[in-house]
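Q: Need a 3D model of the following:
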Amino acid sequence: MKAYILIRVEAGKENYVLDEIIKVEGVRKASLVFGPFDIIAEVEALSHDELDKTVSGSIRRIAGVKDSLTLVVAEEKTK
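A: Here you go, the predicted structure:
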């Protein structure tokens, strides 16, 4: 399963959090973005439990992470 994690970060900690997120197992890509969220991470997991461990057990525990929103991919198409 694939999910996108939208992450809000404390001001000034964006680069540190981005560097830490990319180290998390299951994170395939992470990007700094402009808008209501600061970082978007693409995560792959085998199950909902594994996804929960990645998000709650790893990403949300990184110093500087304020909150996150998880969007599980229902269907994906590529060109």
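Q: any idea how far Leu18 is from Ile5?
A: 12 Å (CB to CB, to the nearest Å). In this view, the C-beta of every residue, glycine as well, is placed from N, C-alpha and C.
Q: between those two, who's got more neighbours?
A: More crowded of Leu18 and Ile5, by other CB atoms under 10 Å: Ile5, with 23 against 19.
Q: pretty sure the more buried one belongs to a helix, no?
A: No: the assignment for Ile5 is strand, going by DSSP: H, G, I helix; E, B strand; the rest coil, so no helix is present there.
Q: pLDDT score assigned to it?
A: On the pLDDT scale, Ile5 is placed at 98.
Q: How about the one 4 residues further on?
A: Here the pLDDT value assigned to Val9 is 98.
Q: gap between it and Pro36?
A: In terms of CB to CB, Val9 sits 12 Å off from Pro36.
Q: Compare the two (neighbour count), which wins?
A: More neighbours surround Val9 than the other of Val9 and Pro36, with 23 against 8 (other CB under 10 Å).
Q: Show me what secondary structure element comes after the longest helix along the chain.
A: Longest helix of the chain, by residue count under DSSP state H: helix 48-57. Counting by DSSP states H and E, the next helix or strand C-terminal to helix 48-57 is strand 65-72.
Q: Pull out the buried residues from that next one.
A: Buried positions in strand 65-72, judged by neighbour count with 16 or more other CB atoms under 10 Å: 65, 68, 70.
Q: so the nearest residue to Glu76 once chain neighbours are set aside bridges to which residues?
A: Spatial nearest neighbour of Glu76, excluding adjacent residues (CB to CB, 6 or more residues apart in numbering): Lys2 at 6.8 Å. For Lys2, the beta-bridge partners under DSSP bridges are Glu44.
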